[in-house]
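Engineer: okay, sequence plus prediction incoming.
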Amino acid sequence: MITKRHPAIRHIDFINASIMFVHLDNDRTFIVPLDKFPNIQKLSTQQKQDFEIIDDNHLSFLAIDDVFSMNELIGI
C-alpha cells in the first residue's frame with residue numbers, strides 16, 4: 001500500500017505587515033494574507049520571528065496561544 005505524505009512546513013517569512021509566505025518542503029510557497037489571521041497580523045516584528053513548527057503541519061507563535069494548521073493557513 002502506498003501512503004501519500006503531505007508536504008510539511010519548512011519555514012515562514014513576512015514580507016510586510018500584511019503578507020506571510022509559508023514555504024513547504026516540496027519547494028512550494030504559499031502567500032498568506034494576514035487579514036484572515038488578525039492574531040498573527042497584530043504581532044510585532046520580533047514576535048513574528050518567535051514561532052515554532054509543530055509536527056511539520058502546524059504553526060504556533062510564542063506570544064499567542066493559537067495553533068494554526070497548514071490547511072488553515074493555505075486555505076485548503
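Structural biologist: That came through, no problem.

Engineer: phi, psi of residue 34?
Structural biologist: Main-chain torsions, residue 34, degrees, to the nearest 10: phi -80, psi -10.

Engineer: not counting its neighbours along the chain, what's nearest it?
Structural biologist: For residue 34, ignoring the flanking residues on the chain, the nearest one in space by Cβ to Cβ, 6 or more residues apart in numbering is residue 41 at 3.9 Å. (Glycine included, C-beta is placed from N, CA and C.)

Engineer: would you confirm that that neighbour contacts residue 47?
Structural biologist: No: with contacts counted by Cβ atoms under 8 Å, residue 41 stays clear of residue 47, the gap being 11.1 Å.

Engineer: assign a three-state SS to the nearest residue to residue 64 once chain neighbours are set aside, would you?
Structural biologist: Closest residue to residue 64 apart from its sequence neighbours, by Cβ to Cβ, 6+ apart: residue 39 at 5.2 Å. With DSSP: H, G, I helix; E, B strand; the rest coil as the basis, residue 39 sits in helix.

Engineer: got it, and residue 46?
Structural biologist: With three-state DSSP as the criterion, residue 46 reads helix.

Engineer: for the lowest-mean-pLDDT helix or strand in the chain, name the packing helices and strands.
Structural biologist: Ranked by mean pLDDT, DSSP states H and E, the helix or strand of the chain with the weakest confidence is helix 70-74, at a mean of 88. Helices and strands touching helix 70-74, by 3 or more Cβ pairs under 8 Å, 6 or more residues apart in numbering; DSSP states H and E, are strand 19-24, strand 29-33, strand 58-61.
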